[in-house]
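>>> Sequence below, structure please.
(one chain, ligands or ions: 2)
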Amino acid sequence: MSAQREMKEKNHWHKPVTIIITVIGVMAIVALVTVAVLQNRPLSQKYKYGIVMDAGSSHTALYIYAWPAEKDNNTGRVEQTHSCKVKGPGISSYASNPSKAGESLRVCMQEAKQLVPANHHSETPLYLGATAGMRLLNLEDSSASDRVFHAVEGALQKFPFSFQGARILSGQEEGAFGWVTVNYLDDRLKQGLETKGALDLGGASTQISFVSDTFDGSESPDNNVNFRLYGNDYNLYTHSFLCYGKDQALRMTLAQQTLSGPGSILDPCFHRGYTDTKNYSVLYDSPCVSKMKPQNATPTFTHKGGGDFLQCQDVIKRIFNFTHCKYNQCSFNGIFQPFLQGQYGAFSAYYFVMDFLNLTDTSIPLEDVKEKLKRYCATPWSELTQQHGNIKYLAEYCFSGTYIVTLLTEGYNFTSQTYPTIKYIKKIKGSDAGWTLGYMLNLTNMIPAEAPDTPPLPHAGYVSIVTIMAILLFVLFIVSLRPLWPRCSKQPHII
Ligand SMILES: O=P(O)(O)OP(=O)(O)OP(=O)(O)OC[C@H]1O[C@@H](n2cnc3c(O)ncnc32)[C@H](O)[C@@H]1O
Ligand SMILES: [Ca+2]
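Ligands and ions are numbered 1, 2, ... in the order given. Predicted coordinates:
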């Protein structure tokens, strides 16, 4: 028993001072880890919002974007949380009744008011950007375009957002911001990866934008946009072809076939059995074709389908001018274009049309794409309407598919080899491909010119290291108390 008492006396762990030191040590380490972790934890996710209205030639769409409030500068963080398609045509169609243009936006704006939290309304920027439809109206009748903008601005100002104005984007801006959107959503900008080109086919204009090593801007400064994003310089080639969106291209193709003012035409881009009566004054009511209007023609003509892909390609080719090029190389209409390079994302009507035709898979060889189009165009109109009902755009898909293939190959010089570099896309990571996101990122300065400083460690790594170090310190502390440990080996044997 005396040996047991002696052992208890030698066991310093039972000394109050040792117990106090150990407890304080443990508390200090727990406090250290807690403070370090809490101090550096990511702040609670508060969001900021931005709204962009895309006033296109064929329709207007509203997009709501949201991003974590404390991380404006981090790429890939801004996401589209909602989109709303405005009912009715594009705002340029309201030239003779501008107040209706403003009214048409109301439903989508009400939706935005519901979806953006009320306490964020006044700090949420709202932009409206108009593209080729308003560009054409502005060319045709600038005071009519001013009246439309006036009505639209009046309607948007009535909402509680921070309205930043409505304006026409230049073709350059439209092309460049489409490229920014695609590469931002793909996370290529921040990581300094090779960028993707952007192909946008609208109703009234079409844009091509890409980075090419052979292009430094000197040959054609009008087609050059320079960006410095996240510490990388980009020399972007971009061009917007006004009148080469699919609706205006269809007008031009029809105009090509009615130059002499015939009473009827057999259009190879429409299906056999298709027939419609069209008004000359309606067809030629656009600056893209107004100069070609035949004199002394009857008011209407009969538009009949011939259903022939190859002939359709021939009439489409006639709207492209390949005769002059003052540069080393051109796409068409004497416009400079450097060598194609890298991958391309093709969106808007490129996607709608190729999706309908089941041709979004670009691993299908270009020759097979043409063969499928040939068969599709040769399908009688009655068979198509039986199969699909009377859906919108049905009559136009033969033209549109043929136009896309012709624009890409004859216009932009894509070949059978380079065709697979194109991907037909609608959305990237949940956000629509288009110029709107790039436009907002630019106007809110959300993409910095220089790469932002990032903490050397992500939060999880930081927490792990602090915890491991604290445990290590604790173990060392315990080991350092070794002289105070009970000496088990010298314990007297109890017999
Ligand atoms: O860029 P701009 O030229 O101003 O025109 P937009 O912005 O109005 O043009 P969109 O990309 O919205 O649409 C391009 C064209 O595709 C048409 N379109 C929309 N949905 C379609 C679908 O499902 N199938 C075929 N065409 C479609 C639309 O009417 C336009 O003619
Ligand atoms: Ca558009």
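>>> Any idea how many residues pack against the residue in the stretch 351-495 of the chain that ligand 2 sits nearest to?
Going by CB to the ion, ligand 2 is nearest to Gly434 of the stretch 351-495 of the chain, at 6.4 Å. Backbone N, C-alpha and C define where each C-beta goes, glycine included. Residues near Gly434, counting by other CB atoms under 10 Å, number 28.
>>> so it touches Gly178, yeah?
Yes - contact criterion CB atoms under 8 Å: Gly434 and Gly178 qualify, at 6.3 Å.
>>> Now do the shared contacts for the two.
Counting by CB atoms under 8 Å, 6 or more residues apart in numbering, the contacts common to Gly434 and Gly178 are Asp200, Phe347.
>>> Return the distance of the helix or strand where Tyr49 lies from the chain's centre.
Assigning secondary structure by DSSP states H and E places Tyr49 in strand 47-55. Centroid separation for strand 47-55 versus its chain: 13 Å, with CA atoms, centre = their mean, to the nearest Å.
>>> Output that strand as PDB, restricted to C-alpha atoms.
The C-alpha coordinates for strand 47-55 follow below in PDB (Å, rounded to 0.1, in the frame of the first residue of the first chain):
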ATOM      1  CA  TYR A  47     -25.700  38.300 -53.900                       C
ATOM      2  CA  LYS A  48     -25.700  41.200 -56.300                       C
ATOM      3  CA  TYR A  49     -27.800  41.400 -59.400                       C
ATOM      4  CA  GLY A  50     -27.700  42.900 -62.900                       C
ATOM      5  CA  ILE A  51     -30.300  42.900 -65.600                       C
ATOM      6  CA  VAL A  52     -29.700  43.200 -69.300                       C
ATOM      7  CA  MET A  53     -32.300  43.500 -72.000                       C
ATOM      8  CA  ASP A  54     -31.300  42.200 -75.500                       C
ATOM      9  CA  ALA A  55     -33.500  44.200 -77.900                       C
END
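>>> From the contact counts, what lies against that strand?
Judged by 3 or more CB pairs under 8 Å, 6 or more residues apart in numbering; DSSP states H and E, strand 47-55 is in contact with strand 60-68, strand 125-130, helix 435-443.
>>> is any part of the last one close to ligand 1?
No - in terms of CB under 6 Å from any ligand atom, no part of helix 435-443 sits within range of ligand 1; the closest distance is 8.4 Å.
>>> Show me which residues of that helix are buried.
By 16 or more other CB atoms under 10 Å, the buried positions in helix 435-443 come out as Trp435, Thr436, Leu437, Gly438, Tyr439, Met440, Leu441, Asn442, Leu443.
>>> roughly how far apart are the fifth one and Phe177?
In this structure, Tyr439 lies at 5 Å from Phe177, with CB to CB, to the nearest Å as the measure.
>>> Which pLDDT value goes with Ala132?
Looking at Ala132, its pLDDT stands at 98.
>>> Verify the contact between it and Phe241 for me.
No - counting by CB under 8 Å, Ala132 stays clear of Phe241, with 9.4 Å between them.
>>> Of the two, which one has the most company?
Per other CB under 10 Å, whichever of Ala132 and Phe241 has more neighbours is Ala132, with 31 against 24.
>>> Tell me which residues touch that one, please.
Counted by CB under 8 Å, 6+ apart, Ala132 has contacts Gly56, Ser57, Gly171, Glu174, Gly202, Gly203, Ala204, Ser205, Ser240, Leu242, Gly245, Gln248.
>>> Between the two ends of stretch 287-305, how far is it?
26 Å (CA to CA, to the nearest Å).
>>> Show me what counts as buried in that stretch.
Pro287, Cys288, Val289, Lys293, Ala297, Thr300, Phe301, His303, Lys304, Gly305.
>>> Kindly report the same for stretch 371-385.
Buried-residue list, stretch 371-385, by 16+ other CB under 10 Å: Lys372, Leu373, Lys374, Tyr376, Cys377, Trp381, Leu384, Thr385.
>>> Which helix or which strand is home to the third one?
Using DSSP H and E, Lys374 maps to helix 366-378.
>>> Run through who's touching the helix or strand just after that helix.
Following helix 366-378 in sequence order, the next helix or strand is helix 381-388 (DSSP H and E). Here helix 381-388 makes contact (CB under 8 Å, 6+ apart) with Phe270, His271, Arg272, Gly273, Tyr274, Gly305, Leu394, Ala395.
>>> list the contacts for the residue lying closest to the fifth one once chain neighbours are set aside?
Using CB to CB, 6 or more residues apart in numbering and skipping the chain neighbours, the partner closest in space to Tyr274 is Gly305 (3.5 Å). For Gly305, the contact set (CB under 8 Å, 6+ apart) comprises Leu266, Asp267, Pro268, Cys269, Phe270, His271, Arg272, Gly273, Tyr274, Thr275, Trp381.
>>> Got the phi and psi for the fifth one?
With angles defined as degrees, to the nearest 10, Phe270 shows backbone torsions of phi -120, psi 160.
>>> How is the nearest residue to Asp222 once chain neighbours are set aside assigned, secondary-structure-wise?
Once flanking residues are discounted, Asp222 sits nearest to Gln172: 7.7 Å by CB to CB, 6+ apart. Gln172 falls in the helix class when you classify it by DSSP: H, G, I helix; E, B strand; the rest coil.
>>> what about Gln172, how many neighbours?
18.
>>> now do Thr131
Thr131 has 31 nearby residues by other CB under 10 Å.
>>> so it makes contact with Glu173?
No - counting by CB under 8 Å, Glu173 is not a contact partner of Thr131; they are 9.4 Å apart.
>>> Which neighbours do those two have in common?
By CB under 8 Å, 6+ apart, the residues touching both Thr131 and Glu173 are Trp435.
>>> Would stretch 172-192 count as contacting ligand 1?
No - using CB under 6 Å from any ligand atom, stretch 172-192 stays clear of ligand 1, coming no nearer than 7.2 Å.
>>> Would you mind measuring from the residue in the stretch 201-350 of the chain positioned nearest to ligand 1 to Glu367?
For the stretch 201-350 of the chain and ligand 1, the shortest gap (CB to the nearest ligand atom) falls at Gly202, measuring 2.2 Å. Counting by CB to CB, the gap from Gly202 to Glu367 is 28 Å.
>>> Looks to me like Met252 is in a strand.
No - using three-state DSSP, the assignment for Met252 is helix, not a strand.
>>> So what's the predicted local confidence for it?
pLDDT at Met252 comes out at 98.
>>> Domain-wise, how is this protein divided?
2-41+456-490, 44-168 (automatic domain parsing).
>>> out of these, deepest packed?
domain 44-168 (a mean of 19; mean count of other CB atoms under 10 Å).
>>> quick revisit: want to throw the domains of the chain into a markdown table with distance to Leu193?
Shown next, in a markdown table, are the domains of the chain (distance: least, CB to CB, whole Å):
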| stretch | distance to Leu193 |
| --- | --- |
| domain 2-41+456-490 | 20 |
| domain 44-168 | 11 |
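>>> Could you identify which of those domains has the lowest mean pLDDT?
domain 2-41+456-490 (a mean of 68).
>>> Ile471 is nearest to which of the helices and strands packed on strand 47-55?
strand 60-68 (32.1 Å; CB to CB).
>>> I'd like the contacts of helix 381-388 laid out as a markdown table, including secondary structure and distance to ligand 1.
Below are the contacts of helix 381-388 laid out as a markdown table (DSSP: H, G, I helix; E, B strand; the rest coil; distance: CB to the nearest ligand atom, whole Å):
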| residue | secondary structure | distance to ligand 1 |
| --- | --- | --- |
| Phe270 | coil | 15 |
| His271 | coil | 15 |
| Arg272 | coil | 21 |
| Gly273 | coil | 21 |
| Tyr274 | coil | 16 |
| Gly305 | strand | 17 |
| Leu394 | helix | 9 |
| Ala395 | helix | 11 |
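>>> so which of those would you say is closest to Ala460?
For the contacts of helix 381-388, the minimum distance to Ala460 (CB to CB) is 53.1 Å, reached by Leu394.
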